[in-house]
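Visitor: Structure, please.
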Amino acid sequence: MMKTIRRRRLEKKTDYKSRLALLKSDKPRLVIRKTNRYILAQAVETKVAQDSTIMAVTSKDLLSKGWPEDKSGSLKSKSAAYLTGLLLGKLLKGKLKQDLILDIGMHRNIKKSRIYAVLKGVLDSGLNINHDAKILPSVEEIKSKKELNAIFEKVKEKI
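Guide: This is a model prediction of the structure:
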């Protein structure tokens with residue numbers, strides 16, 4: 001007898017095996033998603049398999065912090081991802097009672113990618129997340145685009 005595959009798994013939206021492991025940990029999750037235009041980062045708490053968002057930030061929020069409108073196409077870069085994580089970490093600073101765990105969903109696990117740039121931003125804000133230091137991009141890799149260096153520093157000061 002064949003096993004039926006759940007709809008969200010067929011649509012490549014949910015990995016139920018990893019979700020169950022994350023839910024069993026009973027810790028809040030740092031959920032990171034990337035789209036074609038933006039980076040999304042959320043702190044999510046789960047109670048009886050019902051998710052509730054504690055805080056959510058997108059890279060589009062950087063526009064209000066000084067990121068120029070004409071460079072809005074670069075809101076998915078590593079530097080924007082890092083700043084998004086830093087902003088989320090600063091906003092979460094006093095709201096969490098315990099450590100977070102990382103939830104990257106169905107995204108591929110590629111070291112030094114934009115997803116891990118968000119993680120580095122959250123870590124630099126002072127929050128604790130269990131991780132391996134080898135997967136995080138260096139500061140040079142985050143600032144690799146020369147035209148974004150001045151913008152990066154200006155926005156980082158405002159955060």
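Visitor: contacts and neighbour counts: CA atoms only from here.
Guide: Will do.
Visitor: quick one: the longest helix along the chain to chain centroid distance?
Guide: With residue count as the measure and DSSP state H as the assignment, the chain has helix 78-92 as its longest helix. With Cα atoms, centre = their mean, to the nearest Å as the basis, helix 78-92 stands 8 Å off its chain's centre.
Visitor: And stretch 73-81, by the same measure?
Guide: Using Cα atoms, centre = their mean, we find the averaged C-alpha position of stretch 73-81 to lie 12 Å away from the chain's own average C-alpha position.
Visitor: still on that earlier bit, next secondary structure after the longest helix of the chain?
Guide: Per DSSP states H and E, the first helix or strand lying C-terminal to helix 78-92 is strand 101-103.
Visitor: Could you pull out the buried residues of the helix or strand just after that next one?
Guide: Using DSSP H and E, the helix or strand that follows strand 101-103 towards the C-terminus is helix 114-124. Along helix 114-124, the positions that meet the burial threshold by neighbour count (16 or more other Cα atoms under 10 Å) are 114-123.
Visitor: Just want the angle from helix 114-124 to helix 78-92.
Guide: For helix 114-124 against helix 78-92, the angle between stretch directions is 40 degrees (axes from the mean of the first three to the mean of the last three Cα atoms, to 10 degrees).
Visitor: Helix 114-124 packs against which elements?
Guide: Using 3 or more Cα pairs under 8 Å, 6 or more residues apart in numbering; DSSP states H and E as the contact criterion, the secondary-structure elements in contact with helix 114-124 are strand 29-34, helix 78-92.
Visitor: Right, I'll leave it there.
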